[in-house]
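Chemist: Here is my input, please return the structure:
(chains A and B)
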Amino acid sequence: MKSLTHHLRHYLPLFGVLVAGLVGFTLFSADRNFQLALVIAMAGGYVSWGLIHHHIHRDLYLSVVVEYLVFALLGIVIAFSVIF
Amino acid sequence: MNFAYSLSHYFFPGQSNNHKAKILHSSSIFLIVIFLVVYQLILQALPITGVKILGYAANIPPDEIIKLTNQKRSESGVSSLVYSSELTEAARRKGEHMLTYDYWAHVAPDGTEPWKFFGDVGYKYRFAGENLARDFSNPNDAIAAWINSSSHRDNLLSTKYKEIGVAVVEGDLAGQETTLIVQLFGTQLADTTSNVPLVQARPQASVAPSPTLSALSPTPIVPVGALISPEPTHTIIEGEPFQEKANTYKVLISPFGSTRNVDIATTVFLLIVMIVDGLIIARRKITRVSGRTFAHLAFLGMILAILLIAKAGKIL
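Modeler: Numbers count the residues shown, from 1 in each chain, chains lettered A, B, ... in the order given. Just a heads-up that it's a prediction; the model follows:
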């Protein structure tokens, strides 16, 4: 919890991107292409956030980058499967 | 002993897995991604191989669609539409046509346009429109989807239309059992009470189907490719009696439902393992080279939310 409080200002942009994407996903329920674009944008924002966050904390390694990428890929595949 | 070791290795952080549950390693996540993709491919391939799977079939009362449509029009200050048996028959024929020729589009692969069905039942229109929906489990979701789409909402709330006909057709479409909703709007050619200037009207020239009908189409139609099935099977759900069906929505298993269940199970499972993993690492005060657990939790939580709010139906 202490760590979370410490990193709150770092996490806020991530939460902002994810919440905005979720709201957009709900509002544009009739446009499936746009929904998928939103999910991809959210995944991109999540990976970007990870790269910047770890770069700032000086612990950005290839394995970390790969980890964010596979989680983003997982999210996109799951979203794609229910959108189309 | 081996089982306990495997359980610990895959789901709890420790020395054997470099202090991170093996299932959360990038290689494991990638394998899960591959599993989900293969699962989807199998679901998509089943109808192609001739294996019939249960699709998204549901009993939706057409009268409920009409009632909800008029309710939306009333909320928007637009006059209610009158039930038309001719439009209902035209809608039923359009639905049958889609099942027979195995397509999901306003215009059939052979070029048959929606307006042909108006003419087939002898409905001479001044204005005409068509909304399509499929795979919805109840009328409310279908109406909500149309309302959320500007082009469909324009049709649904248009003051040009005076009459409505709805057919709910159930059958085999591209190898999947599904439910199609065909909603037709129209204003009779003889009806001159429309508040739209006559210059905008595009009356039908002939009752009989004609290849020149495309030039008379009141709304632009985008053709969508479709598969031709030589042996279509289908069942028609009649609109009457509404009272008997209103509260008996029967939803069968669907590719969407099974996909969503697998996705939700996978996501929840990963979230639980991740939370346990994060708590153990925090408790042991172990520093490891890894992504932020909280960020992963937020992202997967967002994916879970998408899974929960995603709806099956499609409109056209």
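Chemist: what's the average pLDDT for stretch B:145-164?
Modeler: Averaged across stretch B:145-164, the pLDDT comes to 89.
Chemist: So is it next to chain A?
Modeler: Yes - under the criterion of Cβ under 8 Å from any Cβ of the partner chain, chain A is reached by stretch B:145-164 at B:145, B:148-149, B:152. For the C-beta atoms, the positions are set from N, CA and C on the backbone; glycine is no exception.
Chemist: in chain A, which segments are predicted with low confidence?
Modeler: Low-confidence segments of chain A (pLDDT under 70): A:1-7, A:30.
Chemist: Which element, helix or strand, includes the closest residue in space to B:Leu87 that isn't next to it in sequence?
Modeler: Once flanking residues are discounted, B:Leu87 sits nearest to B:Gly165: 2.5 Å by Cβ to Cβ, 6 or more residues apart in numbering or on different chains. According to DSSP states H and E, B:Gly165 maps onto strand B:163-173.
Chemist: tell me which of the residues of stretch B:145-164 next to chain A is nearest to B:Tyr83?
Modeler: B:His152 (19.9 Å; Cβ to Cβ).
Chemist: what's the burial count for the closest one?
Modeler: 22 (other Cβ atoms under 10 Å in any protein chain shown).
Chemist: ok, now A:Leu69?
Modeler: Using other Cβ under 10 Å: A:Leu69 sits among 19 other residues.
Chemist: Figure out the helix or strand that it lives in.
Modeler: Assigned by DSSP H and E, A:Leu69 falls in helix A:62-83.
Chemist: for that helix, packing partners?
Modeler: helix A:32-56, helix B:26-48, helix B:255-284, helix B:293-309 (3 or more Cβ pairs under 8 Å, 6 or more residues apart in numbering or on different chains; DSSP states H and E).
Chemist: give me the low-pLDDT residue ranges for chain B?
Modeler: Ranges of chain B meeting pLDDT under 70: B:1, B:47-59, B:175-176, B:192-254, B:312.
Chemist: following the strand holding B:Gly165, which helix or strand shows up next?
Modeler: In N-to-C order, the element after strand B:163-173 by DSSP H and E is strand B:176-188.
Chemist: Dump the C-alpha coordinates for that next one into CSV.
Modeler: The C-alpha trace of strand B:176-188 is given here as CSV (Å, rounded to 0.1, in the frame of the first residue of the first chain):
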residue,chain,number,x,y,z
GLN,B,176,-24.8,-21.5,-37.0
GLU,B,177,-28.3,-21.6,-35.5
THR,B,178,-29.3,-18.0,-35.1
THR,B,179,-32.2,-15.6,-34.8
LEU,B,180,-32.7,-12.8,-37.3
ILE,B,181,-34.8,-9.8,-36.7
VAL,B,182,-36.1,-8.0,-39.8
GLN,B,183,-37.7,-4.6,-39.2
LEU,B,184,-39.4,-2.9,-42.1
PHE,B,185,-40.7,0.6,-42.2
GLY,B,186,-43.0,2.1,-44.8
THR,B,187,-45.5,4.7,-45.8
GLN,B,188,-48.0,3.8,-48.4
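Chemist: who in chain B is up against chain A?
Modeler: Counting by Cβ under 8 Å from any Cβ, chain B sits next to chain A at B:26, B:29-30, B:32-33, B:36-37, B:40, B:145, B:148-149, B:152, B:256, B:259-260, B:263, B:266-267, B:282, B:289-292, B:294-296, B:298-300, B:302-303, B:305-307, B:309-311, B:314-315.
Chemist: And the buried ones among these, selectable in PyMOL?
Modeler: Per 16 or more other Cβ atoms under 10 Å in any protein chain shown, the buried members of these correspond to this PyMOL selection:
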select buried, chain B and resi 26+29+32+33+36+40+145+148+149+152+256+259+260+263+266+267+290+291+292+294+295+296+298+299+300+302+303+305+306+307+310+311+314+315
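Chemist: What is the neighbour count of B:Trp104?
Modeler: B:Trp104 has 19 nearby residues by other Cβ under 10 Å.
Chemist: Report the contact partners of it.
Modeler: Counting by Cβ atoms under 8 Å, 6 or more residues apart in numbering or on different chains, B:Trp104 touches B:98, B:132, B:134, B:173-174, B:180, B:224, B:226, B:314, B:316.
Chemist: Out of the residues you listed, the closest to B:Ala105 would be?
Modeler: Looking across the contacts of B:Trp104 and measuring by Cβ to Cβ, the closest to B:Ala105 is B:Val224, at 3.7 Å.
Chemist: re the thing from before, which among the helices and strands packed on helix A:62-83 is found nearest to B:Phe185?
Modeler: helix A:32-56 (24.1 Å).
Chemist: Any idea how many residues pack against B:Ile275?
Modeler: B:Ile275, neighbours per other Cβ under 10 Å, totals 12.
Chemist: Equivalent analysis for the one 10 residues further on, please.
Modeler: The criterion is other Cβ under 10 Å. On that basis, B:Lys285 has 6 neighbouring residues.
Chemist: residues contacting it?
Modeler: No contacts exist for B:Lys285 under Cβ under 8 Å, 6+ apart.
Chemist: on that earlier part again, so what sits opposite the residue nearest to B:Leu87 in the bridge?
Modeler: B:Leu184 (DSSP bridges).
Chemist: if I look at B:Phe294, how far off is A:Leu14?
Modeler: 9 Å (Cβ to Cβ, to the nearest Å).
Chemist: Wasn't B:Asn131 part of a strand?
Modeler: Yes - assessed by DSSP: H, G, I helix; E, B strand; the rest coil, B:Asn131 belongs to a strand.
Chemist: Not counting sequence-adjacent ones, nearest residue to it?
Modeler: B:Gln183 (4.2 Å).
Chemist: can you pull the contacts of B:Val38?
Modeler: Per Cβ under 8 Å, 6+ apart, neighbours of B:Val38: none.
Chemist: ok, back up a step: any idea which of the contacts of B:Trp104 is closest to B:Leu157?
Modeler: Distances from B:Leu157 to the contacts of B:Trp104, taken by Cβ to Cβ, are shortest for B:Leu132, at 17.0 Å.
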